[in-house]
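Peer 1: Kindly return the folded structure for what I paste below:
(chains A and B)
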Amino acid sequence: GAVVSQHPSWVICKSGTSVKIECRSLDFQATTMFWYRQFPKQSLMLMATSNEGSKATYEQGVEKDKFLINHASLTLSTLTVTSAHPEDSSFYICSASWLGNTEAFFGQGTRLTVV
Amino acid sequence: QKEVEQNSGPLSVPEGAIASLNCTYSDRGSQSFFWYRQYSGKSPELIMFIYSNGDKEDGRFTAQLNKASQYVSLLIRDSQPSDSATYLCAVPGSSNTGKLIFGQGTTLQVKP
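Peer 2: Numbering: from 1, shown residues only, chains lettered A, B, ... in the order given. As a prediction, this is how the structure comes out:
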């Protein structure tokens, strides 16, 4: 099956710093990648849709200047949390798919803790 | 805005019993439906998807879809303690892109 790798699996950073999370499709070309955030005991909330070579589409209420998304190639998308604050601590999960496919393939997730 | 509703639970069943997980969705035009299992601290993993009305069976899992009632369910037969997890129902947010709208998930506890 299609494999998506997310890195790092966990990260601790100081308040005010930036953190980059990578999402790679290992055995397919991902025309579209998605970034989700999950707070404890809550469901996955879609943050943004990332299309290769174009600007990401952010969901309502998600600050695009705080959560920078880059999808420069068909196998890599990155999410940078800028000027992180403790309230940004969460589980961030990426998924990837290709045009014409309804199913999505998930990365392992990244646990971000901002102290 | 598409919505997916699930009872958050927890749903507690004894080992060996049938666990029944339910999901309703708001968009009558939804064509496909996904069930994911998520263990604590892990990413969701796909259990089943269903497109057609009726039942779809895969091992101990059966998905049931009723489009007229906008209702999809997941049955787990012979429940095992290892089935204890949160089960997420999802529908596509748009056609053929992989974008998913998730329900809040139902926590299942299977007691030995």
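Peer 1: Grab the nearest non-local neighbour of the residue in chain A that chain B sits nearest to.
Peer 2: Using C-beta to the nearest C-beta, the point where chain A gets nearest to chain B is residue A:97, with a distance of 2.5 Å. In this view, the C-beta of every residue, glycine as well, is placed from N, C-alpha and C. Closest residue to residue A:97 apart from its sequence neighbours, by C-beta to C-beta, 6 or more residues apart in numbering or on different chains: residue B:98 at 2.5 Å.
Peer 1: Could you measure from that neighbour over to residue B:110?
Peer 2: As judged by C-beta to C-beta, to the nearest Å, residue B:98 and residue B:110 stand 31 Å apart.
Peer 1: The two: which has the busier surroundings?
Peer 2: residue B:98 (24 against 20; other C-beta atoms under 10 Å in any protein chain shown).
Peer 1: Helix, strand, or coil at that one?
Peer 2: Following DSSP: H, G, I helix; E, B strand; the rest coil, the label given to residue B:98 is coil.
Peer 1: For chain A, what's the nearest residue on chain B?
Peer 2: Counting by C-beta to the nearest C-beta, chain B gets nearest chain A through residue B:98, at 2.5 Å.
Peer 1: Surely that residue touches residue A:100?
Peer 2: No: Residue B:98 is not in contact with residue A:100 according to C-beta atoms under 8 Å; the separation is 9.8 Å.
Peer 1: returning to what we had before: how far away is the residue of chain B closest to chain A from residue B:90?
Peer 2: 11 Å.
Peer 1: Now the common contact residues for these two.
Peer 2: Residues touching both residue B:98 and residue B:90 by C-beta atoms under 8 Å, 6 or more residues apart in numbering or on different chains: none at all.
Peer 1: For residue 55, which phi and psi angles does the backbone take?
Peer 2: Just so you know, I chose chain A. phi -70, psi 150 (degrees, to the nearest 10).
Peer 1: not what I meant, chain B
Peer 2: The phi/psi pair for residue B:55 (degrees, to the nearest 10) reads phi -110, psi 150.
Peer 1: Now name the helix or strand holding the residue nearest to it when sequence neighbours are not counted.
Peer 2: What sits nearest to residue B:55 in space, not counting adjacent residues and going by C-beta to C-beta, 6+ apart, is residue B:64, at 5.2 Å. Assignment of secondary structure by DSSP states H and E places residue B:64 within strand B:61-66.
Peer 1: Could you list the paired strands of the next helix or strand after that strand along with their orientation?
Peer 2: As assigned by DSSP H and E, the chain's next helix or strand after strand B:61-66 is strand B:71-76. Strand B:71-76 has the following sheet partners, assigned by DSSP bridges: strand B:19-25 (antiparallel), strand B:61-66 (antiparallel).
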